[in-house]
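In: Next comes the sequence, and after it the predicted model I'd like to discuss.
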Amino acid sequence: GKFQELVSDEKIVMQWRYKSWPEGHHSTATITLDQQDDRTQLTLTQTGIPEEDFERTKEGWKQYYWENMKQTFFWGMKYF
């Protein structure tokens, strides 16, 4: 991917794609961080995903990112 915007302690915006997507087609993934009293809420939004790859993309985030973060930091998390 390619970073489009980085705001320290607040937001990451990047272009993201699977290699199998048509050449030049990227989605936009935005991660926002919201510091609360006893935790940080991380929110992911992603636009531009081809309809046929929505479920694969959703499961990829779970498998390769959220589950690994959960195992690393030992916290309960809610997603989707």
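Out: Perfect, I can see it now.
In: Please count neighbours and contacts with C-alpha atoms only from this point.
Out: Fine.
In: how far away is the residue of the chain positioned farthest from its centre from I12?
Out: Using Cα atoms, centre = their mean, the residue of the chain lying farthest from its centre is D37. It sits 23.0 Å away. As for D37, its distance to I12 is 22 Å (criterion: Cα to Cα, to the nearest Å).
In: could you pull out the helices for the chain?
Out: Here the chain has its helices, by DSSP state H, at 54-61, 67-73.
In: closest one to S8 among the ones you listed?
Out: Closest approach to S8 among the helices of the chain (Cα to Cα): helix 67-73, 19.5 Å.
In: tell me what the closest one is packed against?
Out: Here helix 67-73 touches no other helix or strand, going by 3 or more Cα pairs under 8 Å, 6 or more residues apart in numbering; DSSP states H and E.
In: From the chain's centroid, how far away is it?
Out: Put simply, helix 67-73 sits 14 Å off its chain's centre (Cα atoms, centre = their mean, to the nearest Å).
In: before we move on, what about stretch 18-36?
Out: 7 Å.
In: same question, stretch 24-41
Out: That offset, for stretch 24-41, works out to 7 Å (Cα atoms, centre = their mean).
In: Next: stretch 5-18.
Out: Its chain's C-alpha centre and that of stretch 5-18 lie 9 Å apart, by Cα atoms, centre = their mean.
In: Pick the most deeply packed of the helices of the chain.
Out: Stretch with highest mean neighbour count among those: helix 54-61 (a mean of 13; mean count of other Cα atoms under 10 Å).
In: Just the endpoints, please. Distance across stretch 41-57?
Out: Termini of stretch 41-57 sit 21 Å apart (Cα to Cα).
In: Now the weakest link among the helices of the chain, please, by mean pLDDT.
Out: Lowest mean pLDDT within the helices of the chain: helix 67-73, at a mean of 81.
In: could you measure the residue nearest to the spatial centre of the chain against G24, distance?
Out: Compute the mean C-alpha point of the chain, and by Cα atoms, centre = their mean the closest residue is L44, 4.7 Å away. According to Cα to Cα, L44 and G24 sit 22 Å apart.
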